[in-house]
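*Asks:* can't give you the sequence, but here's the structure:
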């Protein structure tokens, strides 16, 4: 056994460090304890490797490289490359998006830290809600209505499960969170209530408006759990954005339907994966999971 480990360590300095890390973190000196520690370490290394690829794929996309070129470098088809990386690279590129106001960027960074602390594999809309309490218009509105970041965390843990071990890497945006951000950008690009707002600049108020528009989202479910007056939020937001969710949603989903994607989150099939079709609608696996969580939560609430 010792001889095998020595041979493995000779392959490179990086492997030597990993072997030492496993030995140090193992619960005991026996082979099985070290194997358990190796499994944990291996998962962490693979997560960091994935994040490394995500970073440089995002860099390549920012440089104007096509999914065909990226797929060729990775040895996969352009469809496989886009499906694998499109959602995961959006978080890193979004932080430098010039259309985001600085306060919203700070809130998105806070949401990522919330997800990391939860040990979540994705940044959900409930993390976005907690992040919005960092600063900006949305924070002022929510605080006036008695919504605080600790209360959001506690409600989310009750609804969606307790936190697990913190993540060592920044998780990607969930499909639901990505859709909310895209809808916020669409709203900012087409409407502006106050004359001082520059059209197209996405603020915390735009994102909060989209989070409360979706009654099935995790953010809205947290607010409902806290007993927050949604109508009061809408009245406050009316001072900052043109708030006409029915007309906007019609145009938004009508546009999405033409893209042959999921009728619920709006992602195209290349990103969403396999779609289950029905009379005039399509739904992806991620939205099926969210719908199942909503129904399970309602069923538990009636027990």
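*Replies:* Thanks, I have the structure now. All of these numbers come straight from a predicted model, not from anything done at the bench.

*Asks:* when you work out contacts or count neighbours from here on, use the C-alpha atoms and nothing else.
*Replies:* Noted.

*Asks:* neighbours of the closest residue to residue 148 other than its chain neighbours, just the number please.
*Replies:* Nearest non-adjacent residue to residue 148, counting by CA to CA, 6 or more residues apart in numbering: residue 133, 7.0 Å away. Counted by other CA atoms under 10 Å, the residues lying close to residue 133 total 24.

*Asks:* give me every residue that touches residue 133.
*Replies:* 107, 139, 140, 142, 143, 148, 149 (CA atoms under 8 Å, 6 or more residues apart in numbering).

*Asks:* save these as JSON lines, and put in distance to residue 206, neighbour count and pLDDT too.
*Replies:* Shown next, in JSON lines, are those (distance: CA to CA, whole Å; neighbours: other CA atoms under 10 Å; pLDDT from 0 to 100):
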{"residue": "107", "distance to residue 206": "13", "neighbour count": "25", "pLDDT": "93"}
{"residue": "139", "distance to residue 206": "12", "neighbour count": "23", "pLDDT": "94"}
{"residue": "140", "distance to residue 206": "14", "neighbour count": "16", "pLDDT": "93"}
{"residue": "142", "distance to residue 206": "14", "neighbour count": "21", "pLDDT": "95"}
{"residue": "143", "distance to residue 206": "17", "neighbour count": "13", "pLDDT": "94"}
{"residue": "148", "distance to residue 206": "19", "neighbour count": "16", "pLDDT": "95"}
{"residue": "149", "distance to residue 206": "19", "neighbour count": "19", "pLDDT": "94"}
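
*Asks:* show me which of these is closest to residue 172.
*Replies:* residue 107 (15.2 Å; CA to CA).

*Asks:* for the closest one, give me its contacts.
*Replies:* By CA under 8 Å, 6+ apart, the neighbours of residue 107 are 128, 131, 132, 133, 134, 135, 204.

*Asks:* just the buried ones from those residues, in PyMOL syntax?
*Replies:* To isolate the buried subset of the contacts of residue 107 in PyMOL, counting by 16 or more other CA atoms under 10 Å, use the following:
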select buried, resi 128+131+132+133+134+204
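
*Asks:* state the distance from the residue nearest to residue 148 to residue 141.
*Replies:* Counting by CA to CA, to the nearest Å, the gap from residue 133 to residue 141 is 9 Å.

*Asks:* picking that back up, now do the phi/psi pair for the residue nearest to residue 148.
*Replies:* phi -80, psi 0 (degrees, to the nearest 10).

*Asks:* now for the contacts of residue 107: which two are most distant?
*Replies:* 128 and 135 (12.3 Å).

*Asks:* quick one: distance of stretch 110-117 to the chain centre.
*Replies:* 10 Å (CA atoms, centre = their mean, to the nearest Å).

*Asks:* for stretch 209-221, same thing?
*Replies:* Counting by CA atoms, centre = their mean, stretch 209-221 comes out at 14 Å from the chain centroid.

*Asks:* same question for stretch 24-40.
*Replies:* 33 Å.

*Asks:* list the buried residues in that stretch.
*Replies:* If you call a residue buried by 16+ other CA under 10 Å, then stretch 24-40 has these buried ones: 26, 34, 37, 38.

*Asks:* and the contacts of that stretch?
*Replies:* Contacts for stretch 24-40 (CA under 8 Å, 6+ apart): 22, 23.

*Asks:* residue nearest the centroid of the chain?
*Replies:* The centre of the chain sits closest to residue 173, judged by CA atoms, centre = their mean, with a distance of 1.8 Å.

*Asks:* the closest residue to that residue other than its chain neighbours: how many residues sit nearby?
*Replies:* Using CA to CA, 6+ apart and skipping residues adjacent in sequence, the residue nearest residue 173 is residue 123, 4.6 Å away. Residues lying near residue 123 (other CA under 10 Å) number 26.

*Asks:* thanks a lot, see you next time.
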